[in-house]
Structure formats: C-alpha cells, structure tokens
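> From the sequence below, what's the structure:
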Amino acid sequence: KRVSQEDARIGRYHALYQACTQRSIRSVLTGHTQDDQAETVLLRILRCSGIRGLAGIPPLSILSEDGGQLKFHPEFKWSQGL
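As a prediction, this is how the structure comes out:
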C-alpha cells in the first residue's frame, strides 16, 4: 500500500506525541520555511479547502488530544534553497 503525505505526517506527529509524553515534554517547536508555507496553501487550495486553505500553517496547534501539549510553528524567512 502506498502511503500518502498526509498519512506520513500523521504518523510523524503521532511518534512525536508519544516521545513527548514519555519524557513529559509539553511544548515542541517545528520550524517551517516560506516554501513549506506556500506548499501548504497551494495543496489546500487544490483540495478545495476554502478559506482554511488560505491560512497556511498556523503559528500554534495542539499536539495532544487532551490539549496538554502544544506545537509551535515558527516560520523562517527563507526558502529551502538556502
């Protein structure tokens, strides 16, 4: 079975959540470049996600189901080509 990018992302964040839980880590930083932000918006537009698609990657999201762990998404002001 071929794994989609979405499935792979979910798997990565599940593993990250488990590692944080085991170590009592409550906050995680995952950096994103401008290219990541543009790719996210484009893919969401192509999926007809509406207004949500125009928002891109949020600066903060919840990593755990109970809301006890936060994931911060600082955006680096450069492209992946650097």
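
> list the helices and strands the one helix or strand Tyr17 maps to packs on?
Applying DSSP states H and E as the criterion places Tyr17 in helix 5-22. Using 3 or more C-beta pairs under 8 Å, 6 or more residues apart in numbering; DSSP states H and E as the contact test, no helix or strand touches helix 5-22. C-betas here are computed from N, CA, C, even on glycine.

> contact partners of whatever helix or strand comes next after that helix?
Per DSSP H and E, the first helix or strand lying C-terminal to helix 5-22 is strand 27-29. By C-beta atoms under 8 Å, 6 or more residues apart in numbering, the residues outside strand 27-29 that reach it are Leu16, Cys20, Leu63, Gln69, Leu70, Lys71, Phe72, His73, Pro74.

> closest to Arg44 among those residues?
Distances from Arg44 to those, taken as C-beta to C-beta, are shortest for His73 (15.0 Å).

> which residues does that closest one contact?
For His73, counting by C-beta under 8 Å, 6+ apart, the contacting residues are Leu29, Thr30, Gly31, His32, Ile57, Pro58, Pro59, Leu60, Ser61.

> Wasn't the last one part of a helix?
No - the assignment for Ser61 by DSSP: H, G, I helix; E, B strand; the rest coil gives strand, which leaves it out of any helix.

> Which residue is the nearest non-sequential neighbour of it?
Of all residues not flanking Ser61 in the chain, Lys71 sits nearest, at 4.9 Å (C-beta to C-beta, 6 or more residues apart in numbering).

> Run through the protein and note the low-pLDDT ranges.
The chain contains residues with pLDDT under 70 at 1, 52-53, 64-65, 67-68, 74, 78-82.

> Pick out the residue nearest the middle of it.
Taking C-alpha atoms, centre = their mean, the centroid of the chain lies closest to Ile57, which sits 6.6 Å from it.

> Wasn't that residue part of a strand?
No - counting by three-state DSSP, Ile57 is not part of a strand but coil.

> follow-up on the earlier one: including distance to Val3, could the contacts of strand 27-29 go into TSV?
Below are these laid out as TSV (distance: C-beta to C-beta, whole Å):
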residue	distance to Val3
Leu16	17
Cys20	23
Leu63	21
Gln69	25
Leu70	27
Lys71	22
Phe72	26
His73	23
Pro74	27
